[in-house]
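**Student:** Coordinates for the following, if possible.
(2 chains)
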Number of protein chains: 2
Amino acid sequence: MKFTGLLLGLLLLSAEVFSQKAYHLASPNARVNLTLNVTKEGKLTYALNLAQTSVVKPSSLGFKLQKPAISLTNFTVISADSSEFSETWNPVWGEVKSIENHYKQLKLRVKAIPANVLVDVVFRVFNDGIGFRYEFPEQEGFKHFVVADELTQFNLATNNKTFWIPGDYDTNEYLYNTTLFSEIHALAAAKKEKDIALQSLIADNAVQTPLMMKTPQGIYLNIHEAALVNYPVMHLMANTKTFGLTSHLTPDAVGNKAYLQTPFNTPWRTIVLSNKAEEILASKLILNLNEPSKIEKTDWIKPQKFIGMWWEMHVGKATWEKVGGKHGANTENVKKYIDFASGNGFDGVLVEGWNEGWEDWFGNWKEEVFDFVTPYSDYDVDALLAYAKKKNVKLIMHHETSGSVTNYERRMDKAFQFMKNKGFETAKTGYVGRIIPRGEHHDSQWMVNHFNRVAAKAAEYQIMIEAHESSRPTGLHRTYPNWLANEAARGNEFNNAPTLGLVPEHETILPFTRLMGGPMDYTPGFFKMHLNQFIPSRTTRVRTTLAKQLALYVTMYSPLQMVGDLPENLKVYPDALQFIKDVPVDWDDTKILSAEPGEFIMIARKQKGQNQWFVGAVSDENSRELLVNFDFLPSGKTYTATIYQDASNADWEKNPEAYQIQKVSVDSQTKRTIKIAKGGGFAISIK
Amino acid sequence: MKFTGLLLGLLLLSAEVFSQKAYHLASPNARVNLTLNVTKEGKLTYALNLAQTSVVKPSSLGFKLQKPAISLTNFTVISADSSEFSETWNPVWGEVKSIENHYKQLKLRVKAIPANVLVDVVFRVFNDGIGFRYEFPEQEGFKHFVVADELTQFNLATNNKTFWIPGDYDTNEYLYNTTLFSEIHALAAAKKEKDIALQSLIADNAVQTPLMMKTPQGIYLNIHEAALVNYPVMHLMANTKTFGLTSHLTPDAVGNKAYLQTPFNTPWRTIVLSNKAEEILASKLILNLNEPSKIEKTDWIKPQKFIGMWWEMHVGKATWEKVGGKHGANTENVKKYIDFASGNGFDGVLVEGWNEGWEDWFGNWKEEVFDFVTPYSDYDVDALLAYAKKKNVKLIMHHETSGSVTNYERRMDKAFQFMKNKGFETAKTGYVGRIIPRGEHHDSQWMVNHFNRVAAKAAEYQIMIEAHESSRPTGLHRTYPNWLANEAARGNEFNNAPTLGLVPEHETILPFTRLMGGPMDYTPGFFKMHLNQFIPSRTTRVRTTLAKQLALYVTMYSPLQMVGDLPENLKVYPDALQFIKDVPVDWDDTKILSAEPGEFIMIARKQKGQNQWFVGAVSDENSRELLVNFDFLPSGKTYTATIYQDASNADWEKNPEAYQIQKVSVDSQTKRTIKIAKGGGFAISIK
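**Tutor:** Below is the predicted model:
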């Protein structure tokens, strides 16, 4: 095993005497370079270069514990082990059929002085970045411990262009801010967000991960975490003067961060980096740092396209609650959705507002809200399941918890058993509101454990999960492939939020930020852009062109894709709807054709098991031309490409629903420039 | 309906203008006299007299809310309704076969100004005291609310002799302090308690209920609460200068007290009073203020006498955990307990330490501890159940939660189903340690709801419950008669606590305090007083005579009575053991023959459905002679009384195990003086 560190003389030193040491580790392709240092004061630091360029300056590692009340900040090195690992594995579903996992690893066993606590600091260096974590081995005299603070630094070398949202323990549904790192002001940004019901802001310099940046030299880097298990969500505190970031863990009700017991491994802290933006989007580093599937038999797990009894409520056509005569989830209405799904080949129908509790569900930190098994009297669950079965459509269950998680946990077994007995296969969970146990946050250790527990328990019942209002994903869908998607960011429902709504650039940032951790149930597919259909006074609107809505099915990867708009609106443009009918939700291969965060993204994907390709491209508020190089196609074959693009006079603001469709022949030699309108995009299906 | 209030002119007043009003309400026998006043500032007060003697001076009522942020302290009277109620009801089990519930009621509908919140203040006046509560009716504009503080006062008229324990959110396992009210110093008292693992003290002037007092005029009064449902435990803050008490509710993790929604009724605040101590012990006021049984079919609920695989661990013969070779709950050892129970006619055997988790269960605020269904490998649950069945003995399940209640709640259904499938009928629950959800307390609203939820859920499975380390009972065993007993006070296990242990007076106070709310699993039945049997260096000991241990089965009422000592110790005194074999755990009638809190208690009880009587008498650290008047016996019949009393040279300190037994003939004319040793007692069975 090749190892470039300087281990000479290590065994000659007393463990109690600090001595300066340095270790170097390079990625398999030698471009990503890591340096670990132990200073003569015992400080343990790492630094990161891409080729010769410093990206992260020496940044220290450590912990402050609450119990025992000690600091783990000064270390002596006990041993250093290096290794190299390479494998290829096949995800149950995903953007690609197989994933290469190739890294070099350095495991530094250190002893914290004077507490005499052993910690293994493990670094993995991939061609597209690094992951590192703290491992607390079983050891004498140190078993249970409570974390006061994790003291991991990310000291950036430069004042980067930064795509950030405010640090918040309870929500990640912010619009992204694009500023220089030195100009981060989280509280000011958060203050503008009037449509987020529950904010738990941290500080003016707190930001969330995945944190996307671009250096003045043009290096793209993304800081996040992988495999968040039994530990709180990591936020980051920015020092806008020094360009430093420090980990900030989400506290529990009494201010502690994590209750741990050896042996314990923290989540991986990840830095994905490249001088090509496309390689950030293509990175599988976070997935590779997660554990393989814990579910052995996976044939019941199926990517899905579905429509929702959901947008009706947002636009004021219907209500969740069975109060006031406009209850959406009534048997007759849901049958229409089943008919529509069946007629268009969609797999499922999500029904929200089906169960008792909605009449008084939100805003009062109320514990007993839903029981998850009692339908409203006008919702004939058995008749609808039978009807759906006849039409070859699955009903998707909705478990809104109102944030009352203790209530959900004590009822979860019965709720999943109810689903199993009835034949439901997928549950959308929701966590709107302040969390119960009171004092816990969406991002605290207890809730992280809850989200993982739901995935594990659902798997026992062979149920698939998508979680809304959860903490943001960290690649755990590798471990629990029944955990299809999360919301955990600002989704399309914000189109109807009166204050800021969504902005055209949003979808050019999300893949570089939120989606780094895993799929998002972004619910695209809007054909009617002005949302005054049922309440004429409404001024809310979708801020994309129609063609961009189609493109999102390719650019916003998820194995679970909703078709967002109402059936009556989707029917207005049957030729555009055809793309949504055609586009799959599982892929053999993915090519990031070109991308720049905050500006545009263009991606080509090959349908799973089919020789069909789909391309999607989205732009920010600017119109642009993108050159599509069809060289991703196998050479020597000619395909028919159906191009769904913005009409020449389309514009997200003034003429969003104008699109044009053309069929052309393409092969691997084809290069074609396609124009995108302001806030627009295009989609191509290639058969 | 008779009503003595002054309601004239009420309808002529504007609701917004305060005006002085007074209402008087007397008990059915006219001895307990209540006066309500609305001052001209809108303050609502009550005052309480026994006959002509003032016991509680004008004491105000009200609330401070956290959400909405308003005070409910100034009121106008909307209406006043008086009524009288009388019924007789039969408990499923108890000290008496039937209970009279007779009171006069005044329901004052008041409106808090300026918040315009309607509150019904309901007072019930019984012959032995009062109960009052706040009822929040459904009303426009006031639905969900969060309580910051309840502002209920109990302004005592005099500097009473007070039997108190320190206010503590997490434990009630203190020795009682007997001082003048003016000399309450909770923190100093709590500081001496070295053997309570978890203290959450409130303040130097905070005390717990039931709070027992005796006025200088010789009136006994007891302040507590009844029907504690969906509300935190009430502690009391004492003003030692003015002799005032104010309610102090247990906070949750974020400092709030209760999350409520109209219609809502608070628990009843109770004051039991009499100039006879015996009438305090005989009071059924708290039971009467609870709701009738929610369990319709109750034939599966059975009072029980049992032995425990439990004391072995306390005295160091065995361990709960299967570590170190002394695991108590192994198949062979439990069979011996089954044999002993069967041989002596006991109903059950409690087995602690039967399940995985004990090897690392305490002190680390750890969430995943026990799963409640996985026995240790040396505990053959099926074989033991079969063996017990053959011997006509029931095994009692043990659910120690380690305070990790979220873990218990999510596993509770499976745990009860496991019991049901196997044939267990009774579970002892335990809550040792800091509560999870972290930040909640044993006494907070969330935990009160949990304890009630356990009783309700257990009833679904026809399982009986006794809860250790719970909040103290408030008569809810009327509503959930499957909730047989609680610990919720300092029990016999403290005999083995090295610092203070138990003191002889303890059992003369408990019936006046802790037992006012409901039965206690006090675990009497110790024959071996020095606890150095297995660890010779131990100096801990039981501080009673052996005869007093027998008496406790009568004086400490519970439908669930453990026989505390080890089989090998109980076998040493077979003639004394005979009393424990004979004494029943359910009664047709009870006569409190004589009592003085902190000094002595003598009680006679008639066995349920049998013409057999049992008498128990206990003393404090003083020897005394008690005159037993057998006039509780039906006249004209002669009975054989077997008297188990202290030997003439017995003494709790120097000669605790010396007793004598004699058989005598008695009838309703018999009067007999029996001597009690220091720390002693006597027991009589009468057939």
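
**Student:** Just give the strands next to the host helix or strand of A:Val146 in its sheet, each with its orientation.
**Tutor:** When elements are assigned from DSSP states H and E, A:Val146 belongs to strand A:144-150. As defined by DSSP bridges, the strand partners of strand A:144-150 come to strand A:63-67 (antiparallel), strand A:258-261 (antiparallel).

**Student:** List the buried residues for that strand?
**Tutor:** Buried residues in strand A:144-150, counted by 16 or more other Cβ atoms under 10 Å in any protein chain shown: A:145-150. C-beta coordinates here come from the backbone N, C-alpha and C atoms, glycine included.

**Student:** Endpoints of stretch A:54-67, how far apart?
**Tutor:** This stretch, stretch A:54-67, spans 37 Å end to end (Cα to Cα, to the nearest Å).

**Student:** separation between the nearest residue in space to A:Thr158 that is not next to it in sequence and A:Ala157?
**Tutor:** Spatially, and ignoring its direct neighbours in sequence, A:Thr158 is nearest to A:Thr215 (4.8 Å; Cβ to Cβ, 6 or more residues apart in numbering or on different chains). Distance, A:Thr215 to A:Ala157, using Cβ to Cβ, to the nearest Å: 7 Å.

**Student:** between those two, which one's more packed in?
**Tutor:** Neighbour count, other Cβ atoms under 10 Å in any protein chain shown: between A:Thr215 and A:Ala157, A:Thr215 has more, with 21 against 18.

**Student:** Now the stretch 551-687 of chain A against chain B: closest residue?
**Tutor:** Closest approach between the stretch 551-687 of chain A and chain B, counting by Cβ to the nearest Cβ: A:Leu560, at 26.1 Å.

**Student:** A:Lys104 falls within a helix, correct?
**Tutor:** No: with DSSP: H, G, I helix; E, B strand; the rest coil as the criterion, A:Lys104 is assigned strand and is not in a helix.

**Student:** mind listing what it touches?
**Tutor:** A:2, A:25-28, A:82-85, A:124-125 (Cβ atoms under 8 Å, 6 or more residues apart in numbering or on different chains).

**Student:** which among these gets closest to B:Leu510?
**Tutor:** For those, the residue nearest B:Leu510 by Cβ to Cβ is A:Arg124; the value is 62.3 Å.

**Student:** Might you enumerate the residues of chain A proximal to chain B?
**Tutor:** Proximity of chain A to chain B, by Cβ under 8 Å from any Cβ of the partner chain, involves residues A:144, A:146, A:252-254, A:256, A:259, A:261, A:360, A:363-367, A:406, A:409-410, A:412-414, A:437-440, A:446, A:449.

**Student:** Mind checking which of those land in strands?
**Tutor:** A:144, A:146, A:259, A:261 (DSSP state E).

**Student:** hang on, isn't the second one packed against A:Leu260?
**Tutor:** Yes: under the criterion of Cβ atoms under 8 Å, A:Val146 makes contact with A:Leu260 at 7.3 Å.

**Student:** quick one, the longest helix anywhere in chain A and helix B:405-422 angle?
**Tutor:** Assignment by DSSP state H gives helix A:405-422 as the longest helix of chain A. Orientation check (axes from the mean of the first three to the mean of the last three Cα atoms, to 10 degrees): helix A:405-422 against helix B:405-422 gives 40 degrees.

**Student:** which residues of chain A score low on pLDDT?
**Tutor:** Within chain A, the stretches with pLDDT under 70 are A:1-17.

**Student:** Please, where are all the helices along it?
**Tutor:** A:186-191, A:277-282, A:285-288, A:311-314, A:331-344, A:381-390, A:405-422, A:445-460, A:506-509, A:546-555, A:567-570, A:574-582.

**Student:** quick one, which of those is packed in tightest?
**Tutor:** Greatest average neighbour count among the helices of chain A goes to helix A:546-555 (a mean of 30), per mean count of other Cβ atoms under 10 Å in any protein chain shown.
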